[in-house]
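Engineer: after the sequence you'll find the predicted model.
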Amino acid sequence: MRGLHRSPFLPLALPVAAGLALGLFAPSLAAQMEPLGEAFIRLLGWLTYPLVFCMLAAGVAALGRDREQGRTGAYALIYFAAMSLLSLLAGLAAGWALEPGAGASLATGAAPASSAAPLQAGMLDWLDRLPPLRANNLPLLAAALPAGLLLGRLPHTGALALVERCRARLFQAIKAVLQLAPLAAFGAMAATVAHHGLVSLLPLLKFIAAINLASLLFVLVVLGGMARLAGLPLLRFLAYVRAELYLVFFTSSSLAGLAPLSEKLERLGCPRAVTGVVLPFSYSLNLAGTYLYIALALMFLAQAARVHLGWHELVLMLGVALVSSKGAVGVAGSGIATLAATVALLHVAPPEMVAILFAVDRTMKCRLLTNVIGHGVACVVVAAWEGSLDRAALEYRMYSERFVLPQKEPS
């Protein structure tokens, strides 16, 4: 029982169960809980964005001063490009093999209410003054890169130290906001069930099963293979970061795991010089779960619209998705927004058909979990490639008494 009380699962699972019950038995009241989840996502995002900026700026400043850091950035970009291509190919392959949209008859006339609806009047009105999160993180990268280069050329002005202090303060602020995660999970689940109900998920169960299966295989085969090459046991690593995965799962935001994941990776043996560069870039350029979802969703919509896709169309789809998916940040709604933009560019299905996926978008937790696992594996792999990974810390964290029962001493 003591281990049960220490589990990070219960503090979020219980509010989610309460939200599910409220959505089923009192949908009108449950719909009014939506601002709880929306407020959490907005607050978290507008704290995480400056945190990512500080991490990027400090990392780029180090890249400009240190040739070793420059090598870290080059390794990271090569890894991100490979994972982006592999995840998109995996999504297209899963759509071709599983055919989740074959035989589907999906109406587009009555789209369900969007999960990103405006905050309801009378509750948390002050949040209307705080702009909602956008689905593109590229402007943040564009601002952080020159700022970091400038900081690197002015090492003795105290500006870099100020950025580091801001980074530390933002970490503490995010930790405080994360205390509200159970309340946010309750509100998000209650509102989702109230708006769409359980019956609305039935026509899309095949797609949900396909994306979960494809994500699981990608994590075990592709990410597991990369982790194995770096000497990281994937299953033990998943147990090590399970609290962050629970947090991301129940809040529907991979941003929720950024600060605690960074600290966990440093304790695992990844130096801050690596996590400070790789992790923030990974949150914008290494979203394997999102790319996999976009590719599989494109196949699903094309099959549902009875659009035949030849090799030329598949190659074009791969190229457009590779470009359009860059910059999507891990918040609720970013995947569906990026998918809508990609469908509009490719014309593989009527754009209004994307609304069909709104009802199940919040169930695509595998997308976020794959992203977060990919971020962690990327840091370990890059640290291993450049030889800065602390193997002793890795061995201790992965094979300590938390996961392996101590052997009896010989008598």
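Structural biologist: Now that the structure is in, tell me what you want to look at. Numbers count the residues shown, from 1 in each chain.
Engineer: show me where the stretch 1-150 of the chain dips below the pLDDT cut-off.
Structural biologist: 1-10, 12, 41, 45, 62-70, 103-141 (pLDDT under 70).
Engineer: and the contacts of the helix or strand containing residue 239?
Structural biologist: Assessed by DSSP states H and E, residue 239 sits inside helix 234-240. For helix 234-240, contacts defined as C-beta atoms under 8 Å, 6 or more residues apart in numbering pick out 219-220, 223-224, 227-228, 245, 264, 268, 373, 376-377, 380, 397-399, 403. Where C-beta positions appear, they are placed from N, C-alpha and C, glycine not excepted.
Engineer: please name the nearest non-neighbouring residue to residue 95.
Structural biologist: residue 299 (2.5 Å; C-beta to C-beta, 6 or more residues apart in numbering).
Engineer: same thing with residue 384?
Structural biologist: Distances taken as C-beta to C-beta, 6+ apart put residue 230 closest to residue 384, at 3.8 Å, once the chain neighbours are dropped.
Engineer: circling back to that earlier point, weed out the non-buried ones from the contacts of helix 234-240.
Structural biologist: 219, 223-224, 227, 245, 264, 268, 373, 376-377, 380, 397-398 (16 or more other C-beta atoms under 10 Å).
Engineer: so can I have CSV of the residues you listed showing pLDDT and distance to residue 34?
Structural biologist: Output for the buried ones among the contacts of helix 234-240, formatted as CSV (pLDDT from 0 to 100; distance: C-beta to C-beta, whole Å):
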residue, pLDDT, distance to residue 34
219, 97, 31
223, 96, 33
224, 96, 37
227, 96, 38
245, 93, 24
264, 92, 31
268, 93, 37
373, 96, 28
376, 95, 31
377, 96, 34
380, 96, 37
397, 91, 39
398, 91, 40
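Engineer: which element is residue 73 on?
Structural biologist: Going by DSSP H and E, residue 73 is part of helix 67-98.
Engineer: quick one: name whatever helix or strand follows that helix.
Structural biologist: Reading on from helix 67-98 to the C-terminus, the next helix or strand found by DSSP H and E is helix 138-153.
Engineer: okay, angle between that next one and helix 67-98 too, please.
Structural biologist: If you take axes from the mean of the first three to the mean of the last three C-alpha atoms, to 10 degrees, helix 138-153 sits at 160 degrees to helix 67-98.
Engineer: burial of residue 296, as a residue count?
Structural biologist: Using other C-beta atoms under 10 Å, residue 296 is surrounded by 28 other residues.
Engineer: contacts only, for it.
Structural biologist: Contacts of residue 296 (C-beta under 8 Å, 6+ apart): 91, 92, 94, 95, 100, 207, 210, 211, 214.
Engineer: out of those residues, who's the most crowded?
Structural biologist: When neighbours are counted by other C-beta under 10 Å, residue 91 leads those with 31 neighbours.
Engineer: list the contacts of it.
Structural biologist: Per C-beta under 8 Å, 6+ apart, neighbours of residue 91: 214, 291, 292, 293, 294, 295, 296, 297, 298, 299.
Engineer: using JSON lines, lay out the buried ones among the contacts of helix 234-240 together with distance to residue 30 and secondary structure.
Structural biologist: Formatted as JSON lines, the buried ones among the contacts of helix 234-240 follow (distance: C-beta to C-beta, whole Å; DSSP: H, G, I helix; E, B strand; the rest coil):
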{"residue": "219", "distance to residue 30": "32", "secondary structure": "helix"}
{"residue": "223", "distance to residue 30": "36", "secondary structure": "helix"}
{"residue": "224", "distance to residue 30": "39", "secondary structure": "helix"}
{"residue": "227", "distance to residue 30": "40", "secondary structure": "helix"}
{"residue": "245", "distance to residue 30": "26", "secondary structure": "helix"}
{"residue": "264", "distance to residue 30": "34", "secondary structure": "helix"}
{"residue": "268", "distance to residue 30": "40", "secondary structure": "helix"}
{"residue": "373", "distance to residue 30": "31", "secondary structure": "helix"}
{"residue": "376", "distance to residue 30": "34", "secondary structure": "helix"}
{"residue": "377", "distance to residue 30": "37", "secondary structure": "helix"}
{"residue": "380", "distance to residue 30": "41", "secondary structure": "helix"}
{"residue": "397", "distance to residue 30": "41", "secondary structure": "helix"}
{"residue": "398", "distance to residue 30": "42", "secondary structure": "helix"}
